[in-house]
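Novice: Got a predicted structure plus its sequence, pasted below:
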Amino acid sequence: MPRSTKKRHGLIIEGVMTVRCRTPLAALILALVLPGTALAISAREFATDADLVAGAAGNPRLGGTLLPPGMEADKPANAYSFEFAQLTPAMEGEAPAPPQPPYDGPVDEAYGAYQRGLFDAAYEAAMARAGRGDPRAETLIAELIERKLIAEGRAGEPGAWYRMAAESKAPFAVNRYGMYLLGSDDEEERGKGRDLVRQAAEAGDPLAAFNHATILVQENPGAEGLKLALPWFEQAAEADVPDAQYALSQIYRALENLPAEKRDLWRYWLRRAANGEHDTAQLELALDLINGTDMPRNIEEGAEWMHRAALNGNPAAASRLAYLYLNGIGTPVDAQSAAVFYLSARNVGLRDDEMEKLLASLPPESLEQAMLRSRAIARRY
């Protein structure tokens, strides 16, 4: 069974995919390349006011007022002048998903049980293989212990399992042990962790490449850090790491000293990340399409991406989708759906006066149904 990933503080570690709003790294990159831009995904990420729903009013990069369906925008000149062979201007910015060969490798029973929530079965299957020195099984056991899904008294300390897995020199295991050490309070241990992640990246592990790039950005503020990190982001993006694809879209879009053939590809990488279920990329693509920001306006497609981001667990998208439904922007006017998505966003702290009036206007039965539906969405946040 192919591996999946989860995130910790903007870094990726091997484990179970957990979909969430990926703002920390995005805010960091945007703050470095466009001062003030991080506001769009931090302080204003829950805005539902018409002037703020797409970011900061009056700033063409951050968005502005969402216009109702039917209002046209001029197509930006050379909006899709891609130079690379995989895209041409005639493709109008569409980013076809790369061909995926069918998986014909061995089925990993331990990871399969883990992904289904059968943690005892996963532990037993992994232990049987760990006795034969299987680094994937050893990494899985460490993950189970670290996430407190198996008692430490039953299986031992997670660091010991990560260390044993890394002794195999398998790049994914070296990356995972490095990530574990980066969580230490000891600076010497963290330094060792950084070195291990770098070694795994140099050995070709795509998740390690993304992690190494992120560390470089964090430790080298400004354009210099982005310059150092860019080849690693590119390596990870080519290997279909959605977080790296989104990072590339931000860097290519904002840095002016890059070759034109790279700058022109920011839309390609944004769509690749969105197609890879990166919820922040989906939100940004939705806003760009709705507002016609650096691409032709397509309000209906933008609303579809907003819906997809909201269902992928992005509360910012849920709050903005509520506004779309309330006003019929790219969607039919649907007060019930507006209430559902507003309530799901409100569960993480948002309150909006206009939306509160909507809730008060709903019949009790409709409000109860909206609350039930919103809980199912909010569980993804």
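Specialist: Perfect, I can see it now. Numbering: from 1, shown residues only.

Novice: how close does the nearest residue to residue 140 once chain neighbours are set aside get to residue 160?
Specialist: Leaving aside its chain neighbours, residue 140 sits nearest to residue 126 (4.6 Å; criterion: CB to CB, 6 or more residues apart in numbering). From N, CA and C alone the C-beta is placed, and that goes for glycine too. Taking CB to CB, to the nearest Å as the measure, residue 126 falls 14 Å from residue 160.

Novice: picking up where we left off before, the residue nearest to residue 140: neighbouring residues, count only.
Specialist: Burial of residue 126 is recorded as 29 neighbouring residues (other CB atoms under 10 Å).

Novice: and it, what is it in contact with?
Specialist: With contacts defined as CB atoms under 8 Å, 6 or more residues apart in numbering, residue 126 is in contact with 110, 134, 137, 138, 140, 141, 144.

Novice: again, only this time at 7 Å
Specialist: 110, 137, 140, 141 (CB atoms under 7 Å, 6 or more residues apart in numbering).

Novice: Can you add neighbour count and secondary structure and give the residues you listed back as JSON lines?
Specialist: What follows is those, written out as JSON lines (neighbours: other CB atoms under 10 Å; DSSP: H, G, I helix; E, B strand; the rest coil):
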{"residue": "110", "neighbour count": "25", "secondary structure": "helix"}
{"residue": "137", "neighbour count": "24", "secondary structure": "helix"}
{"residue": "140", "neighbour count": "27", "secondary structure": "helix"}
{"residue": "141", "neighbour count": "26", "secondary structure": "helix"}
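
Novice: Where does pLDDT dip in this protein?
Specialist: The model of the chain has pLDDT under 70 over residues 1-107.

Novice: 50 - rerun?
Specialist: Within the chain, the stretches with pLDDT under 50 are 1-9, 15-23, 27, 32-100, 103, 105.

Novice: That one - how does it break down into domains?
Specialist: Using automatic domain parsing, the domain ranges for the chain come out as 34-73+269-378, 100-263.

Novice: quick one: the strands in this protein?
Specialist: 4-8, 11-15 (DSSP state E).

Novice: show me what contacts the residue nearest the centre of the chain?
Specialist: For the chain, the residue whose C-alpha lies nearest the mean C-alpha position (CA atoms, centre = their mean) is residue 278; its distance is 3.8 Å. Residue 278 makes contact with 22, 242, 243, 245, 246, according to CB under 7 Å, 6+ apart.

Novice: redo that, cut-off 6 Å
Specialist: Under the criterion of CB atoms under 6 Å, 6 or more residues apart in numbering, the contact partners of residue 278 comprise 242, 246.

Novice: Distance-wise, check it relative to residue 246.
Specialist: Between residue 278 and residue 246 the computed distance is 5 Å (CB to CB).

Novice: swap in residue 257?
Specialist: Using CB to CB, we find residue 257 at a distance of 21 Å from residue 246.

Novice: Pick out whichever of those two has more residues nearby.
Specialist: residue 246 (29 against 7).

Novice: For the closest residue to that one other than its chain neighbours, which residues are in contact?
Specialist: The shortest distance from residue 246 to any residue that is not its chain neighbour, by CB to CB, 6+ apart, is 3.9 Å, and that residue is residue 273. Contacts here follow CB under 6 Å, 6+ apart; on that basis residue 273 touches 242, 245, 246, 281.

Novice: how many neighbours does residue 355 have?
Specialist: A count of neighbours around residue 355, defined by other CB under 10 Å, yields 22.

Novice: who's in contact with it?
Specialist: Contacts were defined as CB under 6 Å, 6+ apart; by that measure residue 355 touches residue 342.

Novice: Could you pull out the buried residues of stretch 255-275?
Specialist: By 16 or more other CB atoms under 10 Å, the buried positions in stretch 255-275 come out as 255, 258, 262-275.

Novice: just stretch 366-373 next, same as before
Specialist: By neighbour count with 16+ other CB under 10 Å, stretch 366-373 contains the buried residues 367, 370, 373.

Novice: Out of the residues you listed, which is nearest to residue 343?
Specialist: Distance to residue 343, by CB to CB, is smallest for residue 370 among these, at 5.9 Å.

Novice: what about the closest residue to the closest one other than its chain neighbours, how many residues close to it?
Specialist: On the basis of CB to CB, 6+ apart, the spatially nearest residue to residue 370 that is not a chain neighbour turns out to be residue 339, at 4.0 Å. Each residue near residue 339 was counted by other CB under 10 Å, and the total is 26.
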